[in-house]
Structures are given as C-alpha cells and as structure tokens.
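Asks: Just to be clear, the model below is a prediction. Sequence and coordinates:
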Amino acid sequence: MSTTMRTYLDWNATAPLLPAVRDALVRALDLPGNPSSVHREGRMVRAEIEAARRDVAALVGAEVAHVIFTSGATEAANLVLSPAFKMGRAALSVGHLYVSAIEHPAIREGGRFDKADVSEIAVTSEGTLDLAALEQALASHDAAKGLPMLALMLVNNETGIIQPVEDAARLVHAAGGLLVVDAVQAVGRIAVDIQTLGADFLILSSHKIGGPKGVGALISRGEVMMPKPLIHGGGQEKGHRSGTENTSAIIGFGVAASEALGRLDGEAMRIAGLRAVLEDAMQTVAPDVIIHGKDVSRVCNTTFFTLPGLKSETGQIAFDIEGVALSAGSACSSGKVGESHVLTAMGQDPKLGALRISLGAATQRADIDKAIAAFATIAGRRKRAVQAA
Ligand code: PLP
C-alpha cells in the first residue's frame, strides 16, 4: 500500500477496506428494506444477506445455514464461550474452558465462563500448543461438571504461527469435548476448512480480510449443540443473535470473504516472497535480530521480531516517525503497549520487546524497501546508542 508518505504494514491489526467492498458497502447503505420484512424491499435485502452468508460459508467450507453473523470476533467468542449450551431443546453444560496461553484477549477473557472455570494450556518454546499438556488437562477434567471445551486459535496474531488444530481436535473429541477455533488471522492466508480442522465452531472477523469493522461470524460444524444466545430479542439469525442485521456490513463482509478465497493461492506466494526479502535484509542489517517462529510453520504475511536493546514502545514510535505503521504485538485498546503474553508463553523474556510487521493484499515491493530502510536507520541508531553507553 504505497501512499506518498506512509507505508502501512499492520494488516494483522486491521486490513484496509478492499475497493470492491467499499463499492458494495456504499450501495448497500441505500437498500431501504429491513431483512425481516416480507415486502419486496425486505426480501431484496434478505437475499443479499443470504448471498453474503454463502460467501462466508464458502471461505471455510461450512454449511451456509451454520453461519451466524455477529458484531465481530469478540462477540462471536462471547456467544460461544459459554457454560450454557443446548442440545436440541435439552440443556447441556460445558464444565470447563481450556484456552491456549497465546489466545487473543477476546478468547482469553473466557467469554461467559467464571474465571475459576477457565484454565490455560501452555505452548512450547516454538510457540505451538503443548499437546501433551492438553492431554494431561483433559485427563484430569471433571466430567461431572460438564463437557470440556478447548479454544485454540488457528494462527496467532502476533507471531503468525500456525497451531496444531487437527491434533487438538482429536484429543478434545476423544474426551467428549468441544473445540472452538479462532480463525480470524488464518482466513485469506491459508486454506481453512471447518471439516478438515475438526473444529466444532469457527470465529471470523471481517476487518482482518478487508471487510468493514464491526462484523464477524460464529460458524458451527453442526447445529445440534449450540450455545444459549448472548443477545435476546426478535429472534434474528435463527434466534442465535437477535437484532436487525447490520446489513451493509454483512454484505461488505461477504464480498471480502469471496475476494479472500479467490486470491488465496497466488497472493500467499507473492506475500511470502516479500516477507522473505524483508527478513533477509533485516538479518543482514542486524545479525542479532530475533525473528520469532522463523523455523516453524507460519502464515505468509507476519514477521514478529526483537531487536535486542530496542523497547517495543520506542521501536513502534521510531518506525512511525520513519513513515512505517507497524505494531508491537500486543497493543491494549488504550493504545499503550503492554508486554506480550505470547512471548511470555513461549518462555522468552517479555521485557525483550518485540515488533510485528504484517503484510497484505496491497503491499508492494516499495513498501518493503521503505520498511527495510527504516529498520536500517533504527538499528544503526540503536548500535550507536549501545556503543556510546
Ligand atoms: N481474534 C484474533 C486472533 C484477533 O487478531 C482479533 C483482532 O484483533 C480478534 C480475535 C478480535 O476481533 P474483532 O475485532 O472482530 O472483535
């Protein structure tokens, strides 16, 4: 994304709106009907929402009827991370929520579970879920309290590391439990299929793939076991999420989903190539740079790195001054940079600090060159500061 002055390399935080999405959104804002109305205006909007549902379902190989639109991934997480489920009409309890230690706060907060009913499962120093630790936790699960539920992201938002979801699914299902997969950072970067993954639920967010902010989805593999609704009212989204649908946002999400699916293969190779140029240059300029997760399976677009001696906050500001927007892995909503719980979980000193560069559909070689130049300036300054000390 080359504007005259700025280089945007923070696509994991949010992806700029795709032009086709913008067009769809603007058009949709003028659709007059309420999708629940039976007149022609209502039916027209309903048809567009259902088309978006098909596009979102296709992105993850799900049944169209199993997509529930929400106000984003955070709401989807709060809907599904619930001790109260229904199996058909019968109540079903989920007794304990296990979350990986590297989940996004939307998941780590545990949704509607009491804090006492949530435990973390460690990750290895390589940044992937410790499957032995999961097995152990499931073995000591107290089934009398209800089913176990595991929440595991498919791709970590800070490191880009791909998690062993299929293996985790086997373990959770063998224990009779449910698996919730936050696929927010995976779609559009790797192929995602709800069946192959063995996920019982997937969570998506539109704004990470070039759709509008404030819309997402909870997608289920079946429809027998469903969480009790979080938002009650007029019974929209088959009663799972009441409230008049955010029509234009949902329509925009559908377009973003179909674009993400369409550009998967070629785009991933192009972006991986750009990232390789970036990382090679960073290692040449500063051989002591640590690129977290470089030797494990990562998505194509993310580089999470530590430049020893450079604090996250200082680094982020320095890149910003150089015209490059990137992020410290963990930015609180206040904009303050917190220590990375992901680095801590990987057994690294979180005080080391780390920065995240994330690329996307509009990233070009010129953006990478600009990031490399900024990196060289900042690394040079750091070296001089260390020498002067
Ligand atoms: N999960 C992951 C992995 C994310 O990166 C994010 C966004 O930062 C979320 C969940 C929350 O998404 P939303 O902004 O749609 O609530």
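Replies: The structure has been received and is ready for your questions.

Asks: Can you name the residues that contact the residue in the stretch 201-350 of the chain that the ligand sits nearest to?
Replies: When scored by Cβ to the nearest ligand atom, the stretch 201-350 of the chain has S205 as its residue closest to the ligand, at 3.2 Å. Using the backbone N, CA and C atoms, a C-beta is placed for each residue, glycine as well. By Cβ atoms under 8 Å, 6 or more residues apart in numbering, the residues touching S205 are 72-73, 76, 184, 215-216.

Asks: again with M87
Replies: By Cβ under 8 Å, 6+ apart, M87 lies in contact with 224-225.

Asks: Write down the beta-bridge partners of it, one by one.
Replies: A90, M225 (DSSP bridges).

Asks: What of the one 10 residues further on?
Replies: Counting by DSSP bridges, L97 is bridged to V118, M149.

Asks: That one against G111, yeah?
Replies: Yes: L97 lies in contact with G111 (Cβ atoms under 8 Å); the separation is 7.4 Å.

Asks: For E126, give me its contacts.
Replies: Contacts for E126 (Cβ under 8 Å, 6+ apart) come out as 161, 293, 295-296, 346.

Asks: right, and the pair among those with maximum separation?
Replies: Within those, D295 and M346 form the most distant pair, 12.8 Å apart (Cβ to Cβ).

Asks: Just want to know which of the two has more residues nearby.
Replies: The residue with more neighbours, out of D295 and M346, is M346; 24 against 7, by other Cβ atoms under 10 Å.

Asks: Which residue lies closest in space to that one, excluding its sequence neighbours?
Replies: Leaving aside its sequence neighbours, M346 sits nearest to G127 (Cβ to Cβ, 6 or more residues apart in numbering; 5.0 Å).

Asks: Over to A168?
Replies: Computed as Cβ to Cβ, 6+ apart, the closest residue to A168 that is not its neighbour in sequence is L152, at 5.2 Å.

Asks: Which residues does the host helix or strand of the one you found contact?
Replies: Using DSSP states H and E, L152 sits in strand 147-153. Residues outside strand 147-153 that contact it (Cβ under 8 Å, 6+ apart) are 77, 81, 85, 92-100, 102-104, 107, 121, 129, 134, 138, 141, 163, 165, 168, 172, 175-186.

Asks: Mind checking what helix or strand follows it in sequence?
Replies: Next along from strand 147-153, by DSSP H and E: helix 165-174.

Asks: Give the buried residues for whatever helix or strand Q195 lives in.
Replies: Under the criterion of DSSP H and E, Q195 resides in helix 194-197. Buried residues in helix 194-197, defined by neighbour count with 16 or more other Cβ atoms under 10 Å: 194, 197.

Asks: For the remainder of this discussion, apply numbering that starts at 414.
Replies: Got it, the first residue is 414 from now on, which makes the last one we talked about helix 607-610.

Asks: Which strands or helices does it pack on?
Replies: The contact analysis (3 or more Cβ pairs under 8 Å, 6 or more residues apart in numbering; DSSP states H and E) places helix 607-610 against helix 578-587.

Asks: how far does the helix it packs on sit from the chain's center?
Replies: Relative to its parent chain, helix 578-587 has a centroid offset of 20 Å by Cα atoms, centre = their mean, to the nearest Å.

Asks: Report the rounded mean pLDDT for the helix or strand following that helix.
Replies: Where DSSP H and E defines the elements, the next helix or strand beyond helix 578-587 is strand 591-595. Strand 591-595 shows a mean pLDDT of 98.

Asks: partners of strand 591-595, with directions?
Replies: Strand 591-595 is paired, per DSSP bridges, with strand 560-566 (parallel), strand 614-618 (parallel).

Asks: Let's see the last one as PDB, backbone CA atoms only.
Replies: It stands for strand 614-618. Presented in PDB, the C-alpha positions along strand 614-618 are these (Å, rounded to 0.1, in the frame of the first residue of the first chain):
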ATOM      1  CA  PHE A 614     -17.000 -23.700  15.900                       C
ATOM      2  CA  LEU A 615     -15.000 -21.200  14.000                       C
ATOM      3  CA  ILE A 616     -14.800 -17.500  14.700                       C
ATOM      4  CA  LEU A 617     -14.200 -14.900  12.000                       C
ATOM      5  CA  SER A 618     -13.800 -11.200  11.800                       C
END
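
Asks: how far is it from where the chain is centred?
Replies: 8 Å.

Asks: Break this structure into its domains for me.
Replies: Domain segmentation of the chain under automatic domain parsing yields 420-429+677-801, 434-675.

Asks: Most tightly packed of these?
Replies: Highest mean neighbour count among the domains of the chain (mean count of other Cβ atoms under 10 Å): domain 434-675, with a mean of 20.

Asks: Now for the closest residue to T427 other than its chain neighbours: which residues touch it?
Replies: Spatial nearest neighbour of T427, chain neighbours left out: H620 (4.9 Å); criterion: Cβ to Cβ, 6+ apart. Residues near H620 by Cβ under 8 Å, 6+ apart: 427-428, 485, 626-628.

Asks: now those as JSON lines including secondary structure, distance to F717 and pLDDT?
Replies: Below are these laid out as JSON lines (DSSP: H, G, I helix; E, B strand; the rest coil; distance: Cβ to Cβ, whole Å; pLDDT from 0 to 100):
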{"residue": "T427", "secondary structure": "coil", "distance to F717": "17", "pLDDT": "97"}
{"residue": "A428", "secondary structure": "coil", "distance to F717": "18", "pLDDT": "97"}
{"residue": "G485", "secondary structure": "coil", "distance to F717": "23", "pLDDT": "98"}
{"residue": "K626", "secondary structure": "coil", "distance to F717": "23", "pLDDT": "98"}
{"residue": "G627", "secondary structure": "coil", "distance to F717": "26", "pLDDT": "98"}
{"residue": "V628", "secondary structure": "coil", "distance to F717": "27", "pLDDT": "98"}
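
Asks: Sounds good, over and out.
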